[in-house]
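Engineer: structure for this input, please:
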Amino acid sequence: MKETLPGCSLVILCFLVGLLGVALGEDRCEFKDRYPLQYVAYKTSKAPIVDGRLDDKAWQEVGWSESFQDITGDSSKTPYHETRMKMRWDDEFLYIGAVLTEPDIWANITTDNQVIFHDNDFEFFIDPAGSTHFYKEFEVNAAGAQWSLCLNKPYLNGGYENSSRVFPGHGWSFSSHLQSAIFISGTLNNPKDVDDYWSVELAVPLGEVQYNNSAGKVTSGSLWRINFSRVQWHVVKVGDHYEKVAGPEENWVWSKMGEV
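Structural biologist: Numbers count the residues shown, from 1 in each chain. Coordinates of the predicted model:
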């Protein structure tokens, strides 16, 4: 995070996949497409009201991220709906706001601790230490149903999901201190109209981000790893509801990973 408006701010990078190139001279490629995207998160002296609307002064003071792209980085698969995010922080929370344009807003999952990405959703993945160990993940759909988990290490290295979904009653999850709100410009689960967008507003407790991750303490100039994802399913209108079309979902992210 970094000195800001005029407080402090956090420079946040996405997870890095692959080798970073180094420019060898003006006539050589700089490998800019190999570097993770960066966003400077400015500290705020007044917390936004978490109502999903993103109309507080704290949000108006800062710019949007780049539009999300296909997770593979394939330019021929440019997302057909726009997604962008913003971030702020204070001594207690990391604030995240996102707007997802969408003409057909729907959600089937209405209870927490389910596999939320079976619906269209918005997700963040946060790993302050950049170690791939004990990273936190959060998913939410347009109905406000949410799921959070902690991954002790990558699945390929024998990692497992520590969550209330897997271990009811005692699995890890963001506590009630996490604030989450959805705003819908349109109507939920109504195929007879054309919607505009849905937006997500989160206040993520910094103390819980630090669980088994000492790098979670925020100071001016801190560099954190984070990425965001939007899962988008293809649907058709059938009478008074939506139905998924057979086939894989779209995966749109802030910074590309190179593969699904």
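
Engineer: do you know how far the residue nearest to Tyr160 when sequence neighbours are not counted is from Pro191?
Structural biologist: Distances taken as CB to CB, 6 or more residues apart in numbering place Asn152 nearest to Tyr160, at 6.5 Å, with adjacent residues excluded. Just so you know, the C-beta spots here come from the backbone N, C-alpha and C atoms, and that holds for glycine as well. Noted for Asn152: a distance of 41 Å to Pro191, by CB to CB, to the nearest Å.

Engineer: ok, back up a step: what does the model give the residue nearest to Tyr160 for pLDDT?
Structural biologist: pLDDT for Asn152: 95.

Engineer: and Glu26, by the same measure?
Structural biologist: What the model reports for Glu26 is a pLDDT of 47.

Engineer: show the residue spans covered by the strands in the stretch 101-250 of the chain.
Structural biologist: Using DSSP state E, counting those that start in this stretch, the strands of the stretch 101-250 of the chain run over 121-127, 135-140, 146-151, 161-162, 179-185, 197-205, 223-232, 235-238, 241-244, 250-253.

Engineer: could you point out where the chain is predicted with low confidence?
Structural biologist: In the predicted model of the chain, residues 1-29, 215-216 satisfy pLDDT under 70.

Engineer: let's see that with 90 instead.
Structural biologist: 1-36, 75, 128-130, 175-176, 210-223, 259-260 (pLDDT under 90).

Engineer: ok, back up a step: wait, the residue nearest to Tyr160 touches Lys136, no?
Structural biologist: No - contact criterion CB atoms under 8 Å: Asn152 and Lys136 do not qualify, at 11.2 Å.

Engineer: more neighbours: which of those two?
Structural biologist: Per other CB atoms under 10 Å, whichever of Asn152 and Lys136 has more neighbours is Lys136, with 26 against 15.
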